[in-house]
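Peer 1: Turn this into a structure:
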Amino acid sequence: MKYDILVLGSGPGGYVAAIRAAQLGKKVAVVEKAEIGGICLNWGCIPTKALLKSAQVFSYANHAADYGVNISGKIIPDLPAMVARSRSVADGMSKGVQYLFKKNKIDLIAGFGKVKPGKMIEVADADGKKQNYTADHIIIATGARSKELPNLPQDGKKIIGYRQALTLEKIPKSMVVVGSGAIGSEFAYFFNSLGVQVTLVEFLPNVVPLEDEEVSKQLARSFKKAKMKVMLDSSVEKVDTSGKVCNVSVKTKKGMVEVEADVVLSAVGISTNLEGIGLEDTGIKTEKGKVVVDDFYQTNVPGYYAIGDIVHGPALAHVASHEGITCVEKIAGLDAEPVDYGNIPACTYTSPEVASVGFTEKAAREAGYEINVGKFPFTASGKASAAGKKEGFVKVIFDAKYGEWLGCHMIGENVTEMIAEVVVARKLETTGEEIIKAMHPHPTMSEAIMEAVAAAYGEVIHL
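Peer 2: I've put the predicted structure just below:
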């Protein structure tokens, strides 16, 4: 069977690429071995946010008296019900993508796909039966999975990855979370909020280590305030699972520390799904576990493209989607614009939330910029005070010479919904003065962006 475009993988890179290609009049098919929507919709972004919402509701219920609401009786978290809701949300999103495929007349081919020479994908179905499909263009979007370390072999019971963490049947009394990136920090917050004694272990000096240092330190303070144990500059050397609990040996600057926990959650990053998909057969070049591509995701072999987690760049769903759109628009002959990797927002959905884009203060200084830094704390925000969520701040960084908005870093309530303003402003090359003059509604959390920018220029009003 012949198509204009064949997409291998239906995650947020693959399915978005397929839909955009269909909108541009292409005959499209998508090959998928598992659930439609990939890890993001089924085992990542969406179900985790559903669980985090349950944790937020539980927290609000426990602190209802702070808002003048009296709730009688003990408030108990029902983990199986939370998991069931999370799975229902994920299932609904996956079905939504199936509907979009039908709406856009995209064929779905179920099975394990392997790229072959001659612009071909060989698909093996559940029974092992193989069939070949060809296309003028093949887009590889096979994504990634949880990374496993030799000293943290996952057994699915005592040592788990994020998939098992999403479907635990009961709340453990204690947990060690290894890795404090977005995945580790979010799960640490979730289980801590349910009353689990959480120990978060991070190899680097700060939690969420890719974020601005001030943001990282604030999140660590918030975690500790919530009675979470945070171990920085530390690494898990081994885990003994022979007893009733896990005995976790943690190497710190002061020596080895033994920590007991019912469960160890490994959240140390991801590994790309490149094994067995035929890259060697087609001669597609890889480097350090990633497919090598140009600005429009063409591999070294004409007619074969790669997007998402399997190429160099941030492993984020919205990045994969934009890469997919850029790729097919270039294929279709449009005047496609390369993805601007310097203007990619990052979000971590803990409490408080973290959101950022662009240079950190440290990176801006190391790059040789003379900078203006502005900061506005949510303690000075009327909306934050009214909401009872005064932790955190907005921090902005501008080039002192030309006024370029170099970066923005936020930690606080709902900041993941605020960062898009900065992304758009930077895309449009908006000046700090224009942000100050753009009227922000009062009272809102977003006023903190305007105030932080005003602080960078010595014009802040409410500090």
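Peer 1: if I pick Lys290, what's in contact with it?
Peer 2: Shown in contact with Lys290 (CB atoms under 8 Å, 6 or more residues apart in numbering): Thr272, Ile310, Val311, His312. The way it works is simple: take the backbone N, C-alpha and C, and place the C-beta from them, glycine included.
Peer 1: Look up how far Lys375 lies from the second one.
Peer 2: Using CB to CB, to the nearest Å, one gets 38 Å for the distance from Ile310 to Lys375.
Peer 1: For the residue positioned nearest the centre of the chain, report the pLDDT, please.
Peer 2: Centroid check for the chain by CA atoms, centre = their mean gives Leu316 as the closest residue, at 5.2 Å. pLDDT, Leu316: 96.
Peer 1: ok, it touching Thr348?
Peer 2: No. Contact between Leu316 and Thr348 fails when scored by CB atoms under 8 Å: they sit 11.4 Å apart.
Peer 1: related to what we said a few turns ago, OK, contacts around the residue nearest to the centre of the chain?
Peer 2: Leu316 neighbours (CB under 8 Å, 6+ apart): Ile344, Ala346.
Peer 1: Pro338 too?
Peer 2: Per CB under 8 Å, 6+ apart, neighbours of Pro338: Asp295, Phe296, Thr326.
Peer 1: Of those residues, keep whichever come out buried.
Peer 2: Phe296, Thr326 (16 or more other CB atoms under 10 Å).
Peer 1: and which of the contacts of Pro338 is nearest to Gly14?
Peer 2: Distance to Gly14, by CB to CB, is smallest for Thr326 among those, at 13.9 Å.
Peer 1: Alpha carbons of the one helix or strand that closest one maps to, as PDB, please.
Peer 2: Taking DSSP states H and E as the criterion, Thr326 maps to helix 317-331. Coordinates of each C-alpha in helix 317-331 appear next as PDB, following Å, rounded to 0.1, in the frame of the first residue of the first chain:
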ATOM      1  CA  ALA A 317       5.600  16.800  24.000                       C
ATOM      2  CA  HIS A 318       5.200  20.400  22.700                       C
ATOM      3  CA  VAL A 319       8.600  20.300  21.100                       C
ATOM      4  CA  ALA A 320       7.800  17.000  19.300                       C
ATOM      5  CA  SER A 321       4.500  18.500  18.000                       C
ATOM      6  CA  HIS A 322       6.200  21.600  16.600                       C
ATOM      7  CA  GLU A 323       8.900  19.500  15.100                       C
ATOM      8  CA  GLY A 324       6.300  17.300  13.400                       C
ATOM      9  CA  ILE A 325       4.500  20.400  12.000                       C
ATOM     10  CA  THR A 326       7.700  21.900  10.700                       C
ATOM     11  CA  CYS A 327       8.700  18.700   9.100                       C
ATOM     12  CA  VAL A 328       5.500  18.100   7.100                       C
ATOM     13  CA  GLU A 329       5.200  21.700   6.100                       C
ATOM     14  CA  LYS A 330       8.700  21.600   4.600                       C
ATOM     15  CA  ILE A 331       7.800  18.300   2.900                       C
END
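Peer 1: Let me know the next secondary structure element after that helix.
Peer 2: Where DSSP H and E defines the elements, the next helix or strand beyond helix 317-331 is strand 346-348.
Peer 1: which secondary structure elements does that next one contact?
Peer 2: helix 182-193, strand 353-358 (3 or more CB pairs under 8 Å, 6 or more residues apart in numbering; DSSP states H and E).
Peer 1: Select the longest helix from the chain.
Peer 2: For the chain, the longest helix by residue count, based on DSSP state H, is helix 79-103.
Peer 1: In it, which residues are buried?
Peer 2: Those would be 79, 82-83, 85-87, 89-91, 93-94, 97-98, 100-101, for helix 79-103 by 16+ other CB under 10 Å.
Peer 1: same check, this time on stretch 357-377
Peer 2: Residues 357-361, 364, 369, 371-377 are the ones in stretch 357-377 that count as buried (16+ other CB under 10 Å).
Peer 1: can you check stretch 409-423 too?
Peer 2: Applying 16+ other CB under 10 Å to stretch 409-423 flags 409-416, 418-419, 421-423 as buried.
Peer 1: hmm, who's touching that stretch?
Peer 2: Under CB under 8 Å, 6+ apart, the answer for stretch 409-423 is 211-212, 214-215, 218-219, 343, 345, 347-349, 351-358, 360, 378, 384, 387, 389, 391-397, 405, 408, 445-446, 448-449.
Peer 1: before we move on, what SS does Glu451 have?
Peer 2: helix (DSSP: H, G, I helix; E, B strand; the rest coil).
Peer 1: Nearest residue to it in space, please, no chain neighbours.
Peer 2: Phe376 (4.0 Å; CB to CB, 6 or more residues apart in numbering).
Peer 1: Point me to the helix or strand that includes that neighbour.
Peer 2: strand 371-377.
Peer 1: State the mean pLDDT of the helix or strand following that strand.
Peer 2: Using DSSP H and E, the helix or strand that follows strand 371-377 in sequence is helix 382-387. Averaging pLDDT along helix 382-387 yields 96.
Peer 1: Ok, stretch 259-269 next?
Peer 2: 95.
Peer 1: Could you do stretch 157-177 as well?
Peer 2: Stretch 157-177 comes out at a mean pLDDT of 95.
Peer 1: Check which residues of it are buried.
Peer 2: 158-166, 168, 171-172, 174-177.
Peer 1: Off-centre distance for that stretch?
Peer 2: Chain-centre distance of stretch 157-177: 19 Å, with CA atoms, centre = their mean, to the nearest Å.
Peer 1: gap between the two ends of it?
Peer 2: 14 Å (CA to CA, to the nearest Å).
Peer 1: go on, stretch 276-296?
Peer 2: Stretch 276-296 end-to-end distance (CA to CA) = 24 Å.
Peer 1: Please point out which parts of that stretch sit buried.
Peer 2: Ile277, Gly278, Leu279, Thr282, Ile284, Thr286, Lys290, Val291, Val293, Phe296.
Peer 1: isn't the last one right up against Cys327?
Peer 2: Yes. When contacts are counted by CB under 8 Å, Phe296 is listed as touching Cys327 (6.1 Å).
Peer 1: Any chance you could list residues touching both of these two?
Peer 2: If you check Phe296 and Cys327 against CB under 8 Å, 6+ apart, the residues they both contact are Tyr305.
Peer 1: Who are the contact partners of Thr48?
Peer 2: Ser86, Tyr162, Leu166, Ile183, Glu186, Phe187, Phe190, Tyr349.
Peer 1: didn't the fourth one look like it was pressed against Tyr162?
Peer 2: Yes. Because the distance of 5.8 Å satisfies CB under 8 Å, Ile183 is recorded as touching Tyr162.
Peer 1: hey, what's in contact with both of those two?
Peer 2: In contact with both Ile183 and Tyr162: Thr48, Ala267, using CB under 8 Å, 6+ apart.
Peer 1: How about the contacts made by Ser385?
Peer 2: Thr379.
Peer 1: could I get the contacts of Thr48 as a markdown table with distance to Val31?
Peer 2: Formatted as a markdown table, the contacts of Thr48 follow (distance: CB to CB, whole Å):
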| residue | distance to Val31 |
| --- | --- |
| Ser86 | 27 |
| Tyr162 | 24 |
| Leu166 | 25 |
| Ile183 | 27 |
| Glu186 | 30 |
| Phe187 | 31 |
| Phe190 | 33 |
| Tyr349 | 31 |
